[in-house]
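[1] Attaching a predicted model along with its sequence, questions to come.
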Amino acid sequence: MSDIAPASGALVGASDLPSTAADLHHQFEEIEQQRDAGNMGMWVFLATEVLFFGGLFTTYTVYRSLYFAGFEVGSHLLERPFGAAMTFILLGSSFTMALSIHAIRMGRRKLLCALLLLTIILGAIFLGIKFTEYAEKWHEHLVPGLNFHPTVDQLRGAPGDAVDLFLCFYFFMTGLHALHMIVGIGLLSVMAIRAWNRSLSQANYQQLEVSGLYWHFVDIIWIFLFPLLYLIGGPR
Amino acid sequence: MAEPLVPVRTYTMVFVALLALAALTTGLAYVDLGPFNTVAALAIAAAKMLLVALFFMHVWYKPGLTRIVILAAFFWLSLLVSMTLIDVFTRNWTPQPTGWLPGS
């Protein structure tokens, strides 16, 4: 890994971000130690999130094996182009998020703000498509519990209860994921404001890094939701 | 210990790989591979997860402690999944006991 420059705190170069370790909390000896501790805390939180979503993925596996035909038909009711578009958009937002870490370490404040704003916009477009899809399901009368009246065409011989169950998983898993996206957009908005008013420093980019970890984690959840919900029904 | 600065080129290469994998998994869904549709989709998802975690989330450059936390998360997840599936898929392997009936 010779192409990676070693960095001790601040990097050389023109910086318009503070590079001092002014925001070191008293229980830590140095800024790196503080950052490692914060990172560690975020990873432990993400471990609990793995189990939180893991419960849903496990239940999905069980019911998919029990009601296989219903789940295939249910999967075919979802619009793959929507799912694929959302996947590309979310991957793009993860890319801009990763670049923002590079920007803050180079001390490029305006680039950092632009990248964070772009990440937020991509996240918002993702949610926009998601809610368009929800609205479409409402018009097709495919919302379990509230408005579920599938036609014979939509069911294609599968038991209505099983398709209902699949759509419950669809709404619950994507809904929980969307909730995480909204929290992530909130976090990144705070980061963008703090970057703009120079509250984030070049040496102490821990808050931004930790918010980024959360954002990438939410991306990983979607990476699994997309094939499980939209794709694995096979060709239509 | 200060972390190495990951170059933009690494991020870009990972992003291109992620886009390619996303296109591949979408394309494969239109080809009938039988049960391998599911296997391929999950394998590609796992590859994408590895790319995001290793490079975007910097696990590649992290100390061992972070990796232990991640391995612990997957260990507990595997307990959750395996114990649940063992329960569900082994039900009714043995006949239900009918009870002891006097005189039968």
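    In hand now; what should we look at? Just so it is clear, the model here is predicted, and its values are computed rather than measured. Numbering: from 1, shown residues only, chains lettered A, B, ... in the order given.
[2] tell me the phi and psi of residue A:197?
    phi -90, psi 20 (degrees, to the nearest 10).
[3] From residue A:113, how far off is it?
    10 Å (Cβ to Cβ, to the nearest Å). Using the backbone N, CA and C atoms, a C-beta is placed for each residue, glycine as well.
[4] more crowded one of the two?
    Comparing residue A:197 with residue A:113 by neighbour count (other Cβ atoms under 10 Å in any protein chain shown), the higher total belongs to residue A:113, at 17 against 8.
[5] can you pull the pLDDT of that one?
    Reading off the confidence values, residue A:113 has pLDDT 95.
[6] Low-confidence regions, the chain specifically.
    Going with chain A. Counting by pLDDT under 70, the ranges of chain A that qualify are A:1-22.
[7] right idea, wrong chain: chain B
    Looking along chain B with the criterion set at pLDDT under 70, you get B:1-2, B:103-104.
[8] Disregarding residues adjacent in the polypeptide, which is nearest to residue 34?
    Going with chain A. residue A:28 (4.0 Å; Cβ to Cβ, 6 or more residues apart in numbering or on different chains).
[9] switch to chain B, that's the one I care about
    residue A:234 (7.9 Å).
[10] neighbours around the one you found, how many?
    20.
[11] List the residues that contact it.
    Shown in contact with residue A:234 (Cβ atoms under 8 Å, 6 or more residues apart in numbering or on different chains): A:72, B:29, B:32, B:33, B:34, B:37.
[12] Would you quantify the distance from it to residue B:29?
    7 Å.
[13] Now the common contact residues for the two.
    Shared contacts of residue A:234 and residue B:29 (Cβ under 8 Å, 6+ apart): residue B:37.
[14] Who are the packing partners of the host helix or strand of residue B:71?
    Element membership for residue B:71, per DSSP states H and E: helix B:64-89. Packing partners of helix B:64-89 (3 or more Cβ pairs under 8 Å, 6 or more residues apart in numbering or on different chains; DSSP states H and E): helix A:31-66.
[15] For residue A:143, grab phi and psi.
    Here residue A:143 shows phi and psi, under degrees, to the nearest 10, equal to phi -110, psi 110.
[16] Let me have the contacts of residue A:234 in a markdown table, adding secondary structure, distance to residue A:206 and neighbour count as columns.
    Below are the contacts of residue A:234 laid out as a markdown table (DSSP: H, G, I helix; E, B strand; the rest coil; distance: Cβ to Cβ, whole Å; neighbours: other Cβ atoms under 10 Å in any protein chain shown):
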| residue | secondary structure | distance to residue A:206 | neighbour count |
| --- | --- | --- | --- |
| A:72 | helix | 46 | 19 |
| B:29 | coil | 40 | 25 |
| B:32 | coil | 49 | 9 |
| B:33 | coil | 45 | 14 |
| B:34 | coil | 48 | 8 |
| B:37 | helix | 42 | 20 |
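[17] Any residue of stretch A:127-141 touching chain B?
    No. Stretch A:127-141 lies out of reach of chain B by Cβ under 8 Å from any Cβ of the partner chain, never closer than 14.9 Å.
[18] distance of the residue sitting nearest the centre point of chain B from chain A?
    Among the residues of chain B, the one closest to the centroid is residue B:46, at 5.3 Å (Cα atoms, centre = their mean). Noted for residue B:46: a distance of 9 Å to chain A, by Cβ to the nearest Cβ, to the nearest Å.
[19] Identify each buried residue in the helix or strand containing that residue, please.
    Secondary structure from DSSP H and E places residue B:46 in helix B:36-51. By 16 or more other Cβ atoms under 10 Å in any protein chain shown, the buried positions in helix B:36-51 come out as B:37, B:38, B:40, B:41, B:42, B:44, B:45, B:47, B:48, B:49, B:51.
[20] Just list what it packs against, helices and strands only.
    Using 3+ Cβ pairs under 8 Å, 6+ apart: helix B:36-51 touches helix A:206-225, helix B:8-28.
[21] Give me the distance between stretch B:89-96 and the centre of its chain.
    Its chain's C-alpha centre and that of stretch B:89-96 lie 28 Å apart, by Cα atoms, centre = their mean, to the nearest Å.
[22] make that stretch A:35-43, sorry
    19 Å.
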